[in-house]
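Novice: Predicted model, plus sequence, below.
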Amino acid sequence: MSAPVDEALRSRVKNLDAMPAMPAILGPLIECLDLPPEQIEIEKITELIARDKSIAAQCLRMANSALFSRASVQTIRGAVVTLGAMRLRDILWSSFLVRMAPKSNWPLNPTAFWEHSFGCALVSQQLAKKIALPDPEKIYLCGLLHDLGELVNSMLMPAEFKATAERAVLESISLYDAEKQSLGFTHCDSGKLLADHWRLPADIRNVIEFHHTPEQATESAAVVAVVNLSDFLCRLRGMGYGYDELCEVDFHQAPAWNLLQKAVPHLAELDVARFTFELDAEAEEIRQLVASAFQT
Amino acid sequence: MPGPPTVADEQSERAAERTDPTLIRIRDLVYKVCGIYMPDNKFYFLNDRCDRRVKTLKMDSLRAYYDALTLGADREAEIRNLLNEITVGETCFFRSPQQLSALRKIILPKIMEAKKKLSFTRLKIWSAGSSTGEEPYTLAMMLLEDSATMLKDWKWEINATDLNDHSLAKCKEGVYPGYAVRNTEPYYLQKYFRPDGQNFALVPEVKSRVTFTRLNLHDESKMLFMKGYDVIFCANVLIYFDGTSKRRTVHHFYNGLMPGGYFFVGASESLYGVSEEFRLVHFPGATAYYHPLLREEVADERPR
């Protein structure tokens, strides 16, 4: 982070303790779930989940939903086994994200924020699968959390951030550009601050910090690049922040494309037009999903 | 607290479970042969259109129809029949609002800025395969709206071409049924149309802004004369061409465009694998194909 950005940000974020704390169980749980499958300890995970009533309830509800249940699941252990490590990780993070979001008076349109976050998670995962990157589930999570900084801005400077978001809509520019002009720093900077504070895994931290400037990422470059491209696609195909940015994007000339091509030489064969058209169905599903989950 | 949405995977798995695998094969076949893509949320539509063909051909299943599309002696003709079902009744004024919005808000300002530096004040747009004229007349109305502001002191022309004499006659007549104006805002309807019995007749101001010519896109010698365009539209025409003639025609379109110009096909049409010269670019809700400048400036102000 450059000095003036740092200063602009620090002057507003005087005290990171004003931010919602990471729920006590989340860190250890994520650590447990990130282990190779052979080393995952079901008992330990069960015990940790049992300590947080709302997360435990969430897991039970999911395990008993029509998607998974063949028989009724009564215990947390049963839920853990039914859902599996990947889904648990997603459920934990999405519950947490929902919990830390403002309860009212959002500076942003909350429906658009959730559509964009879950949309970017989904598109990142689909893109990763399409080009055969390892661990697409992890990339889902990176997509889900990429705009964590928007929540930081929403909590710490609601009025200023609201004006910034309104400016973005009015001028049809990205939130990122509006933040740079109005605040002097962006959600990438404020997101990084919180990600460091919470000691999030390196991939997620890098995505949060560099998803608008992928060429500056010194590690996790492929993951950052995938989320950058997916973020663009979402904003271009009806999963953005509820307005159209006046922009023209040539994916093959984007810095992220070049970065990704180094990790994935067969990227050149990707049919970008088809992938884009496929997303129109995803966008519809995401809208329904968010509408039903948040009763908007 | 409401439960958060869950993992993505299950959704697409569920979508695949619901969908007849034969329908997915037909979708992929149509994309491969014609370049028109129907995402999963359009399956009901594709199913409906295939059903019509299944009934007409008195077949007993979608599976049998797939065989007719892939193995039948008349498979090429049958794909055309299916495409006709898919695109029938699509034509109307303001059909692809996101393409139009990209043209008006992003592409034209960009092209005009570049041209102004060279003291050029002229724009040329070609609507290729214009059918009964809804597309070129939509463009004319849009540009007329900007003629006192953005386009002040600019000359612009819209050339529309089609192979079909009957369609061209309709264009020149400029009278349309209510169905053709279903996407037209009342503002445009009042300003640029006059009631004509049950129909809507375009005012002379709009009609005079478009020239219509008969042109066969396969006619190479005539295609060579189509030059100097800033933007070309050609929606749902190339989908009927075979691979070789599609490549050849797209190459002519490329040459017909000025460097820095844009080529639009239908909103769900793709030119994947058809041209190495054009660059696919994205606008909000729309894609287009770009004819790059000889020496592309390094874009420092690329979007973030």
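Specialist: Sure, I can see it. Numbers count the residues shown, from 1 in each chain, chains lettered A, B, ... in the order given.
Novice: Does A:Arg167 lie in a helix or a strand, and which?
Specialist: helix A:158-171 (DSSP states H and E).
Novice: Determine the set of other helices and strands touching that helix.
Specialist: helix A:148-156, helix A:175-182 (3 or more Cβ pairs under 8 Å, 6 or more residues apart in numbering or on different chains; DSSP states H and E). C-beta here means a position set from N, CA and C on the backbone, and glycine is covered the same way.
Novice: Need the winner for burial among the ones you listed.
Specialist: helix A:148-156 (a mean of 24; mean count of other Cβ atoms under 10 Å in any protein chain shown).
Novice: ok and that one relative to helix A:158-171, angle-wise?
Specialist: Angle, helix A:148-156 to helix A:158-171, by axes from the mean of the first three to the mean of the last three Cα atoms, to 10 degrees: 130 degrees.
Novice: mind listing the strands for chain B?
Specialist: Secondary structure of chain B (DSSP state E): strands located at B:122-128, B:155-162, B:175-176, B:193-196, B:199-202, B:210-214, B:229-233, B:257-264, B:279-283, B:286-290.
Novice: Could you export the ones you listed as a markdown table, including mean neighbour count and mean pLDDT?
Specialist: Converted to a markdown table, the strands of chain B look like this (neighbours: other Cβ atoms under 10 Å in any protein chain shown; pLDDT from 0 to 100):
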| stretch | mean neighbour count | mean pLDDT |
| --- | --- | --- |
| strand B:122-128 | 22 | 98 |
| strand B:155-162 | 20 | 97 |
| strand B:175-176 | 18 | 97 |
| strand B:193-196 | 14 | 96 |
| strand B:199-202 | 18 | 98 |
| strand B:210-214 | 16 | 97 |
| strand B:229-233 | 24 | 98 |
| strand B:257-264 | 22 | 98 |
| strand B:279-283 | 21 | 98 |
| strand B:286-290 | 23 | 98 |
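Novice: returning to what we had before: touching the helix holding A:Arg167 from outside, list them.
Specialist: Helix A:158-171 is contacted from outside by A:12, A:102, A:105, A:107-108, A:153-154, A:173-175, A:177-179, A:181-183, A:241-243, A:245, using Cβ atoms under 8 Å, 6 or more residues apart in numbering or on different chains.
Novice: So which of these reach chain B?
Specialist: A:Ser174, A:Asp177, A:Glu245 (Cβ under 8 Å from any Cβ of the partner chain).
Novice: So the helix or strand where A:Val123 lies, near chain B or not?
Specialist: Following DSSP H and E, one finds A:Val123 within helix A:110-130. Yes - residues of helix A:110-130 are located near chain B by Cβ under 8 Å from any Cβ, namely A:Trp114, A:Phe118, A:Ala121, A:Leu122, A:Gln125, A:Gln126.
Novice: Quick check: ChimeraX command selecting the buried ones in these.
Specialist: Of the residues of helix A:110-130 next to chain B, the buried ones go into a single ChimeraX selection, burial set by 16 or more other Cβ atoms under 10 Å in any protein chain shown:
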select /A:114,118,121,122,125,126
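Novice: Pipe the residues of helix A:110-130 next to chain B into a markdown table and attach pLDDT per row.
Specialist: Shown next, in a markdown table, are these (pLDDT from 0 to 100):
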| residue | pLDDT |
| --- | --- |
| A:Trp114 | 91 |
| A:Phe118 | 92 |
| A:Ala121 | 94 |
| A:Leu122 | 94 |
| A:Gln125 | 95 |
| A:Gln126 | 95 |
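Novice: Quick check: which ranges of the chain have low pLDDT?
Specialist: With no chain named, the answer covers chain A. Scanning chain A for pLDDT under 70 picks out A:1, A:14-16, A:66-69, A:295-296.
Novice: nope, chain B
Specialist: B:1-17, B:295-301.
Novice: how about the helices of it, start to end?
Specialist: Ranges of helices in chain B, per DSSP state H, are B:9-18, B:21-34, B:43-56, B:62-70, B:75-87, B:97-102, B:108-117, B:134-146, B:165-173, B:186-192, B:204-207, B:220-223, B:243-256.
Novice: for those helices, which one sits closest to chain A?
Specialist: In terms of Cβ to the nearest Cβ, the element of the helices of chain B nearest to chain A is helix B:9-18, at 5.3 Å.
Novice: for the strands of chain B, which one sits closest to chain A?
Specialist: Taking the strands of chain B one by one with Cβ to the nearest Cβ, strand B:279-283 is closest: 4.5 Å.
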